[in-house]
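Student: I would like to see how this sequence folds:
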Amino acid sequence: MTKFGELIGVETPILINFYLAEKSNESILKTLKEVSSLIGQKARIIKIDISKNELLADALKIKGNSTFVIYKDGEMKWRQTGDTNADTLLQTLQQFI
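Tutor: This is a model prediction of the structure:
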């Protein structure tokens, strides 16, 4: 979890998508690619497989597939579980840039 602390402890907003690989959703992948292309270098987008990072998921109380979390300066700023669209993610990310 030290690496996770280093990952989120930066000034640049980081959108993390916690997901289960066996339940991966193509529309979510498309949404993340769209947000990434629109936001550019202003934020980072990272995917973390819950099944490969169970300790982290437990520590963050990630229960649902496709949980989105935004961190900035090591602090959780926003969290949502379930499908969402690119506009919502983009608008939310822009609040923290």
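Student: who are the neighbours in contact with the residue nearest to the spatial centre of the chain?
Tutor: Nearest residue to the geometric centre of the chain (Cα atoms, centre = their mean): residue 16, 1.5 Å. By Cβ atoms under 8 Å, 6 or more residues apart in numbering, residue 16 lies in contact with 8, 45-48, 68-71. Placement of C-beta: from N, CA and C, glycine included.
Student: Go through those residues and say which is closest to residue 87.
Tutor: Closest approach to residue 87 among these (Cβ to Cβ): residue 68, at 13.5 Å.
Student: Please, which helix or strand holds the closest residue to that closest one other than its chain neighbours?
Tutor: In space, and not counting its chain neighbours, residue 68 is closest to residue 80: 5.0 Å by Cβ to Cβ, 6 or more residues apart in numbering. Using DSSP states H and E, residue 80 sits within strand 75-81.
Student: go on, residue 38?
Tutor: Secondary structure from DSSP H and E places residue 38 in helix 26-39.
Student: Next SSE downstream of that helix?
Tutor: Scanning forward in sequence from helix 26-39 by DSSP H and E, the next helix or strand is strand 44-49.
Student: could you point out which element follows that following strand?
Tutor: Following strand 44-49 in sequence, per DSSP H and E, is helix 54-59.
Student: quick one: average pLDDT of stretch 54-72?
Tutor: Across stretch 54-72, pLDDT averages out at 92.
Student: which parts of it are buried?
Tutor: Residues 56-57, 60, 62, 65-72 are the ones in stretch 54-72 that count as buried (16 or more other Cβ atoms under 10 Å).
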